[in-house]
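Undergrad: Structure for the following, please:
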Amino acid sequence: MSHYSDAEDSIDVADLGLRKRKLWDPETESITSEIKELLDEDVNSLVEEDCIGCPLPSTPEDENMLDSEMSDVLKAAVLAIAIFFLMRPTMEIELQEKIVFGAFFAGAIICLGMSFMFHTVNCHSQFIGKLFSKLDYCGIAMLIMGSFVPWVYYGFYCHFRPKVVYLSVVCALGITSIMVSLWDKFSESGWRPFRAAVFMTFGLSGIVPAIHYGIVEGWFNKVSQKSLGWLILMGLLYIMGAMLYALRVPERWFPGKFDIWLHSHQIFHVFVLGGAFVHYHGISEMAMYRVTIGQCEMPDIPIY
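TA: Model (predicted):
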C-alpha cells in the first residue's frame, strides 16, 4: 500500500473541508470527461473565485499558484514610506501632521495587510477563507476612509464646520461598508459586481467635498489644479481597477490564459497601489501649501 493510501485511511478529508483527489482509470474514463469533472469540482468547492479552497503547494505545479500574488511584494513600499515619514524629527514634521498622514498610512497598511493575509491563508479551509475574505473587504473600506482624512483636513483647513461634517459622513459611510463586508453573502461569487459597486460608490462620494472645495478655493488657482488633479487621477485608478475586477478582464476574453499572471485580481492590486501612491503625492502637495502659507488669513466662515 502506497503512502497516499495510508494518508487517505488516516485522515477524513470531508471533515477538513478539503477536496479529495480521485484516481483516473484510463479504461473507463476519457481525459476530456476527467478534466470536465475536475473543473466542476473546482466551481462547486470554491467559496469565492479568488482561490479560496485551493490546495496548499505540494508540487511545482501547485507552487505556480503563489506566483499570482507576487505583486504583494510591492506593498512593502507603502510600509517603508510610512515608517520614513512618521519617524522624521518633530522639527521637520509636526505631530499634528503625522497624525493626519497617519490616518492614511493606517488605512493603506490595514488594507494591504489584510489582502496579504487573505491570499496567504485562504487555502487553509473554507471557514478561514471566508473569514479573511471579509477582512480583506473591510481593509478596502479602511483604505478609502484613511484616504479621505488628510484630503478633507487640508482641503478645508480654514473651514472647521465643513471639515467636521465631511469627516463624520466619511466615517459613517466607512462603517456601513464594513458592516456590509461582514455579511456572509457579500463574499459569494454572484455578488462580485455588488462588491465593486459598494466601494466605487463609497469612493465616488468624494465628489461632493471636491466640488465644495473648488467653490471655496476657486477652480483655477494653482493649489486647486494640483490637488484636484491628483485626486481625480487617484479616483480614476481606483475605479478602473474596480471595473476590471468586477468584469473579470482580461480572463473573461481569454479563458485559461491569465490563470497565473495578469488576471483581473492582480491588475486590481496594481491599480490600488498606484492610486495610493498618487494620493500620497497629492496630499503631500496640499500639506506643503498649507504649511508654506502658515495660519489662515481669514476667520472661519461656514460655507454651505
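
Undergrad: Helices of this protein, start to end?
TA: 3-10, 13-16, 31-45, 60-63, 76-86, 95-121, 126-155, 160-181, 192-204, 207-217, 222-247, 264-293 (DSSP state H).

Undergrad: quick one: least confident helix or strand in this protein?
TA: helix 60-63 (a mean of 38; mean pLDDT, DSSP states H and E).

Undergrad: nearest to G256, of the helices of the chain?
TA: helix 31-45 (10.4 Å; Cβ to Cβ). For the C-beta atoms, the positions are set from N, CA and C on the backbone; glycine is no exception.

Undergrad: looking at the helices of the chain, which is buried most?
TA: Greatest average neighbour count among the helices of the chain goes to helix 126-155 (a mean of 22), per mean count of other Cβ atoms under 10 Å.

Undergrad: just the angle between that helix and helix 95-121, please?
TA: Here helix 126-155 runs at an angle of 160 degrees relative to helix 95-121 (axes from the mean of the first three to the mean of the last three Cα atoms, to 10 degrees).

Undergrad: and the angle for helix 126-155 with helix 192-204?
TA: 20 degrees.

Undergrad: helices and strands around helix 126-155, which ones?
TA: Where contact means 3 or more Cβ pairs under 8 Å, 6 or more residues apart in numbering; DSSP states H and E, helix 126-155 is packed against helix 95-121, helix 160-181, helix 192-204, helix 207-217, helix 222-247, helix 264-293.

Undergrad: Which residues does the second one contact?
TA: I take that to be helix 160-181. 134, 137-138, 140-142, 144-145, 148-149, 152-153, 155-157, 186, 198-199, 202, 205, 208-209, 212, 216, 300, 302-303 (Cβ atoms under 8 Å, 6 or more residues apart in numbering).

Undergrad: picking that back up, going by mean pLDDT, which of the helices of the chain comes out lowest?
TA: Least confident of the helices of the chain, judged by mean pLDDT, is helix 60-63 with a mean of 38.

Undergrad: related to what we said a few turns ago, please name whichever of the helices and strands packed on helix 126-155 is nearest to K130.
TA: helix 95-121 (10.4 Å).

Undergrad: can the helices and strands packed on helix 126-155 go into CSV with extra columns for distance to P89?
TA: Below are those laid out as CSV (distance: least, Cβ to Cβ, whole Å):
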stretch, distance to P89
helix 95-121, 11
helix 160-181, 27
helix 192-204, 34
helix 207-217, 31
helix 222-247, 26
helix 264-293, 15
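
Undergrad: Can you check which of those helices gets nearest to I81?
TA: The nearest among the helices and strands packed on helix 126-155, by Cβ to Cβ, is helix 264-293 at 7.0 Å.

Undergrad: Next, the angle from the closest one to helix 76-86.
TA: Going by the same axes, to 10 degrees, helix 264-293 makes 20 degrees with helix 76-86.

Undergrad: got the angle between helix 264-293 and helix 222-247?
TA: 170 degrees.

Undergrad: just checking, what packs against helix 264-293?
TA: Helix 264-293 packs on helix 76-86, helix 95-121, helix 126-155, helix 222-247, going by 3+ Cβ pairs under 8 Å, 6+ apart.

Undergrad: can you pull the contacts of the closest residue to L247 other than its chain neighbours?
TA: With sequence-adjacent residues excluded and distances taken as Cβ to Cβ, 6 or more residues apart in numbering, L247 is closest to S264, at 7.4 Å. Listed by Cβ under 8 Å, 6+ apart, the contact set of S264 reads L244, Y245, L247, R248, V249, P250, E251, F258.

Undergrad: how does it look with 7 Å?
TA: By Cβ atoms under 7 Å, 6 or more residues apart in numbering, S264 lies in contact with L244, Y245, R248, V249, E251.

Undergrad: what's the distance between the closest residue to the fourth one other than its chain neighbours and G146?
TA: What it means is V249. Nearest residue to V249, sequence neighbours excluded (Cβ to Cβ, 6+ apart): S264, at 5.7 Å. To G146, S264 is 24 Å away according to Cβ to Cβ, to the nearest Å.
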